[in-house]
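Trainee: Below are the sequence and a predicted model; questions follow.
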Amino acid sequence: MVTVLVVEEILYDFGEFPGYADDFVRNLLNLMIISKMNAAIKNLTSKNYFVHLISQIDGCESYVVKYGQPLLYAKYHGMEFTDQKVTAQFVRSKDHIIGVTMESMFGEFVKSFDSLASMTKTKVKWGMMKKKEDKPDPLFALLDSFVGAVIRLSSLDSSNPDSLVGKRFGIRNVSVIRKSLHLEFLINNNLNIIELNPREKHKDDAIKLLFSRSEAARAIVSLMKQ
């Protein structure tokens, strides 16, 4: 049996409403991060922290996927994510033009992901608390700074080596490891890995670039630490 990969490429042009371009990229990136979040169940600290984080994402819950070892993934607005379900990348060619490529072995997941990314009614809301006196987990502030840095660099003049304009950007894996998070992202298919430690008070300790050969990745970390 031959498995056919479903690939959909969509070009979003916000020329008439350029202010919406950043909002779209922010929601897309948040969704891309959620779609790759996982944790090993056997590690009780990782498991509990994952469940804690997921409980603070509106419309999200955790569920178990049994691979070689059981893993926790996110179920967001009814869509059950795993590594294989759907992968998305985007290219911002101009300030208001964004090309999104979605891939999956299941056509319905491509359609569902596109719907979640583009519909204003399903904007990703994380760091949501049930009680006003409770505080959101500090990891979400670090993730917001990551997303903000990517958006800023995607609007930077393409002549700048730090710019993400015209470069394909994707999230490969987001692993909760004990009470930290390893965020793996791709720039033109080159791997970069950031470690986020939300319990650290100083940003130099909370944000670490573990692996990269990209000027843009180093610029992302630099912006996050400002």
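Mentor: Alright, I've got the coordinates.

Trainee: lowest average confidence, helix or strand, in this structure?
Mentor: Taking mean pLDDT, DSSP states H and E as the measure, the chain has helix 107-118 as its least confident helix or strand, at a mean of 88.

Trainee: Give me the residues contacting it.
Mentor: 6, 8, 10, 12, 24, 27-28, 31, 35, 76-77, 79, 85-86, 88, 100, 102-104, 122 (CB atoms under 8 Å, 6 or more residues apart in numbering). For glycine as for every other residue, the C-beta is placed from the backbone atoms N, C-alpha and C.

Trainee: Report the contact partners of the residue nearest to the spatial centre of the chain.
Mentor: Taking CA atoms, centre = their mean, the centroid of the chain lies closest to I33, which sits 2.2 Å from it. Counting by CB under 8 Å, 6+ apart, I33 touches L143, V147, I171, V174, L183.

Trainee: re the thing from before, which SSE is immediately downstream of the least confident helix or strand of the chain?
Mentor: Downstream of helix 107-118, the first helix or strand assigned by DSSP states H and E is helix 139-153.

Trainee: Neighbouring strands of the next helix or strand after that next one in the sheet, and parallel or not?
Mentor: Next in sequence after helix 139-153, counting helices and strands by DSSP H and E, comes strand 169-177. Sheet pairing for strand 169-177, assigned by DSSP bridges, gives strand 37-40 (parallel), strand 87-94 (antiparallel), strand 180-187 (antiparallel).

Trainee: With mean neighbour count as added columns, please give the ones you listed in JSON lines.
Mentor: Putting the strands paired with strand 169-177 into JSON lines (neighbours: other CB atoms under 10 Å) gives the following:
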{"stretch": "strand 37-40", "mean neighbour count": "22"}
{"stretch": "strand 87-94", "mean neighbour count": "21"}
{"stretch": "strand 180-187", "mean neighbour count": "20"}
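
Trainee: Relative to L209, which of those strands is closest?
Mentor: Comparison of the strands paired with strand 169-177 against L209 by CB to CB identifies strand 180-187 as nearest, at 10.4 Å.

Trainee: Just the CA atoms of the closest one, as CSV, please.
Mentor: Below are the C-alpha coordinates for strand 180-187, written out as CSV (Å, rounded to 0.1, in the frame of the first residue of the first chain):
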residue,chain,number,x,y,z
SER,A,180,11.8,22.9,30.7
LEU,A,181,11.0,22.9,27.0
HIS,A,182,13.1,22.1,24.0
LEU,A,183,11.8,24.0,20.9
GLU,A,184,13.2,22.7,17.6
PHE,A,185,12.5,24.9,14.6
LEU,A,186,13.6,24.9,11.0
ILE,A,187,14.9,27.9,8.9
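
Trainee: who's in contact with it?
Mentor: 33, 89, 139, 146, 164, 167-175, 191-198, 210, 214, 216-217.

Trainee: Mind doing that once more with 7 Å?
Mentor: Strand 180-187 is contacted by residues 139, 146, 167, 169-175, 191-197, 214, 216-217 when judged by CB atoms under 7 Å, 6 or more residues apart in numbering.

Trainee: Check which residues of the helix ranked longest in the chain are buried.
Mentor: In the chain, assigned by DSSP state H, the helix with the most residues is helix 19-36. Using 16 or more other CB atoms under 10 Å as the test for burial, helix 19-36 gives 21-22, 24-36.

Trainee: returning to that earlier point: next, the angle from the least confident helix or strand of the chain to helix 19-36.
Mentor: Helix 107-118 and helix 19-36 meet at an angle of 130 degrees, taking axes from the mean of the first three to the mean of the last three CA atoms, to 10 degrees as the criterion.

Trainee: got the buried residues for helix 107-118?
Mentor: Result for helix 107-118 [16+ other CB under 10 Å]: buried residues F109, V110, S112, F113, D114, L116, A117.
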